[in-house]
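Asker: One predicted model, sequence on top.
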Amino acid sequence: MPNIQHHAQIIKGREVVADDWRVLRLDEGDAPETVEVPAGKLIVPLKVWQAQRETLSKRAGANGEIGIWFASDELASTVKDELGQFAVLAIDFPKFSDGRGYSIAFNLRKRLGYTGELRAIGDVLRDQLFQMQRCGFDAYATRQDRSIHDALKGLTVFSETYQGSVDQALPLFRRQQRDMPLEHSDVGAGI
C-alpha cells in the first residue's frame, strides 16, 4: 500500500485554501515501477513518473490528475519537454536547512518557462515562505504541526526587496527614479 499524504489546507497565492491534491511518497522497499498509483489528483515522485510514464501520461494530460514532485537532488530539466502536461509541480524540502529546492524552483520558472502551480512540500516553515515566493513558488503545503494561518504571515514580512528574482526582475536600484544631473545619467551613478 503506497504512502499517501494529504493536507486539508495549503497556502495558494496569498490565502489559505482547501487542498484537493494528495502526495504519493515511496516507502522503503517500494519500487517506482511497481508502486500502485491510486485514482484522483495525485502528485507522484519524479522516479514514479519516469518508471510509469506511459500509463500516467494519460491521466496527466486528459484529466489533469497527475502532478510530479522533485526531490532536492533531482533536476527539473529531465522532464523539460513534458512540463506542459502538469497542472502542478512540487518540490520537496526534506529538512528546513536544505535550500536546493529554491534553485529547482528558479530554474523551472526562469529557464524552463513553467507557468503552472509550483508547490513547496515537506519541511516548509513560515520563515521560508517569503524567499520561496521570490524563487517562483505560489503554493505551500506547510508542516502540519504548525499553524497555517501563522505561516501565511511569512509572505509579507518584507515590504521591499533589493535583488531581482522571479517575482521582481529588476533590482531596487533600477526601480528607483533618481533626480540626477545629465552628466551622471549612467545606471550606477548616485549609489
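Answerer: In hand now; what should we look at? Residues are numbered from 1 along each chain as shown.
Asker: which residue ranges form the helices in this structure?
Answerer: Using DSSP state H, the helices of the chain run over 46-51, 53-58, 100-106, 126-135, 148-152, 172-175.
Asker: Could you list the alpha-carbon positions for the first one in CSV?
Answerer: Taking Å, rounded to 0.1, in the frame of the first residue of the first chain, the C-alpha atoms of helix 46-51 are listed here in CSV:
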residue,chain,number,x,y,z
LEU,A,46,9.7,12.1,-10.4
LYS,A,47,11.0,8.5,-10.3
VAL,A,48,7.5,7.1,-10.4
TRP,A,49,6.6,9.3,-13.3
GLN,A,50,9.7,8.2,-15.2
ALA,A,51,9.0,4.5,-14.5
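Asker: how many neighbours does the nearest residue to Arg100 once chain neighbours are set aside have?
Answerer: In space, and not counting its chain neighbours, Arg100 is closest to Ser72: 4.1 Å by CB to CB, 6 or more residues apart in numbering. All C-beta atoms are positioned from the backbone trio N, CA, C, and that covers glycine. When neighbours are defined as other CB atoms under 10 Å, Ser72 has 17 of them.
Asker: could you check the distance from Ser97 over to Gln128?
Answerer: For Ser97, the distance to Gln128 (CB to CB, to the nearest Å) stands at 10 Å.
Asker: Pick out whichever of the two has more residues nearby.
Answerer: Remark: of Ser97 and Gln128, Gln128 carries more neighbours, 21 against 7, as counted by other CB under 10 Å.
Asker: thought the more buried one was touching Val157?
Answerer: No: taking contacts as CB atoms under 8 Å, Gln128 lies outside contact range of Val157: 10.9 Å.
Asker: and stretch 53-70, which residues are buried?
Answerer: Neighbour-count burial for stretch 53-70, counted by 16 or more other CB atoms under 10 Å, picks out Leu56, Arg59, Ala60, Glu65, Ile66, Gly67, Ile68, Trp69, Phe70.
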